[in-house]
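J.: the following comprises the amino acid sequence and a computationally predicted model.
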Amino acid sequence: MAASNFVQEMHSIGERLVLKLQRLPQAEPVEIVAFSVILLFIGAVLLLLFIACSYCCAHCCPERRARKVRVQPKSPQ
């Protein structure tokens, strides 16, 4: 039941976004700037999420990284 409500909510949000995008060419400059700021904020959040996930994956999966070679100090002669 909750999954269908979630899908319906996402569908309604998508419809409102498409309607907003269709009205954007006739919008006032203040609305265009506000919508652009919101889109930039969403883009920044997604970029930071991607960076955080890639950083976490690099530390969780050490077998994918290059193998480290230990260097021994030179023995005195």
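T.: In hand now; what should we look at?
J.: please make it C-alpha for all contacts and neighbour counts, starting now.
T.: Noted.
J.: what segments of this protein are helices?
T.: 2-23, 29-60 (DSSP state H).
J.: now for the longest one, which elements pack on it?
T.: Using 3 or more Cα pairs under 8 Å, 6 or more residues apart in numbering; DSSP states H and E as the contact criterion, no helix or strand is in contact with helix 29-60.
J.: would JSON lines of the helices of the chain with distance to residue 72, mean neighbour count and mean pLDDT be doable?
T.: Below are these laid out as JSON lines (distance: least, Cα to Cα, whole Å; neighbours: other Cα atoms under 10 Å; pLDDT from 0 to 100):
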{"stretch": "helix 2-23", "distance to residue 72": "58", "mean neighbour count": "11", "mean pLDDT": "88"}
{"stretch": "helix 29-60", "distance to residue 72": "25", "mean neighbour count": "12", "mean pLDDT": "88"}
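J.: can you put those in JSON lines and add distance to residue 74?
T.: Compiled in JSON lines, these are given as follows (distance: least, Cα to Cα, whole Å):
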{"stretch": "helix 2-23", "distance to residue 74": "64"}
{"stretch": "helix 29-60", "distance to residue 74": "31"}
